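Engineer: Coordinates for the following, if possible.
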Amino acid sequence: MSPTTLPAGLEHGHVTFLGAGPGDPGLLTLRAVEALANADVLVAEHEVLDVVRTHARSSVAVVHTETGASPDRLPGTPPPPTLVDGTSKSVEVPAVRDAAHLVMEAARGGRRVVRAVSGDPGLDAYAAEEMLACAAAGVPFEVVPGVATAVGVPAYAGVPLRDAQGADVRFVDARTASDRCWTEVGASDGTVVVSTTLDAVGAAAGELVSAGRKPDTPMTVTVAGTTTRQRTWTATLGTIAQTLKQAKVLPSPEGGRPVIAVVGERSAPAQRDQLAWFESKPLFGWKVLVPRTKEQAASLSDQLRSYGAVPHEVPTIAVEPPRTPQQMERAVKGLVTGRYEWIAFTSVNAVKAVREKFEEYGLDARAFAGIKVAAVGEQTAKALIAFGVKPDLVPSGEQSAAGLLEDWPPYDPVFDPIDRVFLPRADIATETLVAGLIELGWEVDDVTAYRTVRASPPPAETREAIKGGGFDAVLFTSSSTVRNLVGIAGKPHNVTVIACIGPATAKTAEEHGLRVDVMAPEPSVHKLAEALADFGMKRRAAALAAGDAVTRPSERRPGARRRRAT
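Structural biologist: Numbering: from 1, shown residues only. Here you go, the predicted structure:
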């Protein structure tokens, strides 16, 4: 494009051209995360918005670009710049793309702008035009490289691009490649990485054959690369079109992301079978329903993602204040006046309830001075630490009321000046902890800090997926999650794998007509996720041993019913 001169008086900001990688959010660089955290304005391609938005401040102004469409103007910014001659006549700025206009508008007023593109700005995008616009206007900019799509996708597909001999590697964008380009890569015997579209894979293979490559040259094609929707097919230049047709491959849901094809001996089937680490994860592509809020399910969802799953959080309970707040108010005042030796938190919600009550009274973590604090598990302990309180006791074994009691010291009148424990809990909490503390010699103020009620039903599409077999598995973490999920969304389909945290939860699931496929070896949500991953691994191994295709539970034949265990 031609350099563009902007009107005088423009206050220059700073622009960071940032590569967001090929799709996996974990491939963002540390420098990219730092730049996003400091951004005032985020200008992003639609397909990478979810990847980068998480790392930006809540106050950041977000605008996404759409190919072929004029983006909405930032609130409070002027229209795209025009040149003004000596007679004040407006003249259209030539050859300036909408994205360049948008970046320049966002840079006004000294704002820090991050321009995020998929892959790498230098290899995958046409960011050079926007960089030239910044240079012409005197706007300082920097480039944060990302993992290029043509490099990252083959790595996730198990196709290394080079061997110990350092074979030649050529990169081709089939959407813009000239006849001369095809001729050059066809004459080479090295690896060729082709960025193309799904409906043009066959044509790209034909171009390479016409340019001199043998029809029996191995070729892999990967769609939705580095995401849990990734799928890879291995064939040859001469057979890839028929392979994709027989597989009834539909266009990738990734929209703007290209299909990556690798041509050469490095993509031979025997080698890829050994190196396809990503698609062989135990729960690869499984859509797993987690009956918790996003906040409660954060670490569990991260664990499921590490197994290749796609967690979908659906809260089955909602938390509300107690009907009569006086009991909680008296307990908090007693906490301040020295009524208690211990306070025990059995959930993140209990921490939140006490924290909110503290804020009502203008108190903070200093009110816990001189009081011993117990947490039932790691997640509750993390919530306390975020509040500014380091717990004195966290179970060394099982993270439950029983595990807490195993480590809880008995009351000793010599060493314990006060014999009372403050226990803020839900209205439906069990009596296990109270009974155990009393047996250890403690007096317990069992206080209702919050009420748990059935959550509102999830969106209609989620309910339909639950009942229609759209989920591959559901994790039940308590009997109430079984009852509440069935109550607000209906019974999971019979092809859905049912995983329960323990015998009591499994019994409730069976009472609701569900077959339990997986049970945690101990009552821990993380052990439950591990058990589901082990189930998925064994299921995959059995399919491969039988010579069958590896499928997800939701891909079973519609109407197929599972035999109930005897």
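Engineer: Phi, psi for Met219 please.
Structural biologist: When read as degrees, to the nearest 10, the backbone of Met219 gives phi -150, psi 130.
Engineer: beta partners for it?
Structural biologist: Ala235, Val263 (DSSP bridges).
Engineer: Number the residues from 371 up from this point.
Structural biologist: Will do, 371 is the new start, and the previous item becomes Met589.
Engineer: max-length strand in this structure?
Structural biologist: strand 813-824 (DSSP state E).
Engineer: Relative to it, what are the paired strands and their orientations?
Structural biologist: As assigned by DSSP bridges, strand 813-824 forms pairs with strand 687-690 (antiparallel), strand 790-796 (parallel).
Engineer: List of residues touching it?
Structural biologist: For strand 813-824, contacts defined as CB atoms under 8 Å, 6 or more residues apart in numbering pick out 686-693, 697-698, 701, 704, 710, 719-720, 722-724, 727, 789-799, 804, 807-808, 850, 854, 857-858. C-betas here are computed from N, CA, C, even on glycine.
Engineer: after it comes which helix or strand?
Structural biologist: Counting by DSSP states H and E, the element after strand 813-824 in chain order, helix or strand, is helix 830-838.
Engineer: Would you check the distance separating the helix or strand where Glu499 lies from the middle of the chain?
Structural biologist: Element membership for Glu499 (DSSP H and E) is helix 498-507. Here the centre of helix 498-507 is set off from its chain's centre by 33 Å, with CA atoms, centre = their mean, to the nearest Å.
Engineer: Check which helices and strands it sits against.
Structural biologist: strand 384-389, helix 468-476, strand 511-514 (3 or more CB pairs under 8 Å, 6 or more residues apart in numbering; DSSP states H and E).
Engineer: out of these, which comes closest to Val564?
Structural biologist: strand 384-389 (20.1 Å; CB to CB).
Engineer: so that closest one versus helix 468-476, what angle?
Structural biologist: Between strand 384-389 and helix 468-476, the angle comes out at 140 degrees (axes from the mean of the first three to the mean of the last three CA atoms, to 10 degrees).
Engineer: ok, then the element right after strand 384-389?
Structural biologist: Counting by DSSP H and E, the next helix or strand C-terminal to strand 384-389 is helix 400-407.
Engineer: Buried ones in that following helix, by neighbour count?
Structural biologist: For helix 400-407, the neighbour count (16 or more other CB atoms under 10 Å) marks 402, 405-406 as buried.
Engineer: hang on, the earlier thing: just name the most buried of the helices and strands packed on helix 498-507.
Structural biologist: For the helices and strands packed on helix 498-507, average neighbour numbers computed from mean count of other CB atoms under 10 Å are highest in strand 384-389, which has a mean of 26.
Engineer: Would you mind writing the CA trace of that strand as CSV?
Structural biologist: The C-alpha coordinates for strand 384-389 follow below in CSV (Å, rounded to 0.1, in the frame of the first residue of the first chain):
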residue,chain,number,x,y,z
HIS,A,384,1.7,2.7,20.7
VAL,A,385,0.7,-0.4,18.7
THR,A,386,1.7,-4.0,19.4
PHE,A,387,1.2,-6.4,16.5
LEU,A,388,0.7,-9.7,18.3
GLY,A,389,0.6,-13.3,17.0
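Engineer: name the helices or strands packed onto the longest helix belonging to the chain?
Structural biologist: In the chain, with assignment by DSSP state H, the single longest helix is helix 895-915. Under the contact criterion of 3+ CB pairs under 8 Å, 6+ apart, helix 895-915 touches helix 668-676, strand 843-846, strand 867-870, strand 888-889.
Engineer: Lowest mean pLDDT across these, which one is that?
Structural biologist: If you rank those by mean pLDDT, helix 668-676 sits at the bottom with a mean of 90.
Engineer: Can you show me the CA trace of it as CSV?
Structural biologist: The C-alpha trace of helix 668-676 is given here as CSV (Å, rounded to 0.1, in the frame of the first residue of the first chain):
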residue,chain,number,x,y,z
ALA,A,668,-11.7,-23.7,37.2
SER,A,669,-9.0,-26.2,38.2
LEU,A,670,-11.2,-29.2,37.3
SER,A,671,-11.8,-27.8,33.8
ASP,A,672,-8.1,-27.1,33.4
GLN,A,673,-7.4,-30.7,34.3
LEU,A,674,-10.0,-32.0,31.8
ARG,A,675,-8.4,-29.8,29.1
SER,A,676,-5.0,-31.4,29.8
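Engineer: what's next to it, contact-wise?
Structural biologist: By CB under 8 Å, 6+ apart, helix 668-676 touches 598, 653, 658, 660, 662, 664, 680-681, 683, 749, 845, 895-896, 899, 902.
Engineer: least confident pick among the residues you listed?
Structural biologist: Ranked by pLDDT, the contacts of helix 668-676 bottom out at Lys664 (73).
Engineer: ok, that residue - contacts?
Structural biologist: Taking CB under 8 Å, 6+ apart, one finds 671, 683 in contact with Lys664.
Engineer: now do 7 Å
Structural biologist: Glu683 (CB atoms under 7 Å, 6 or more residues apart in numbering).
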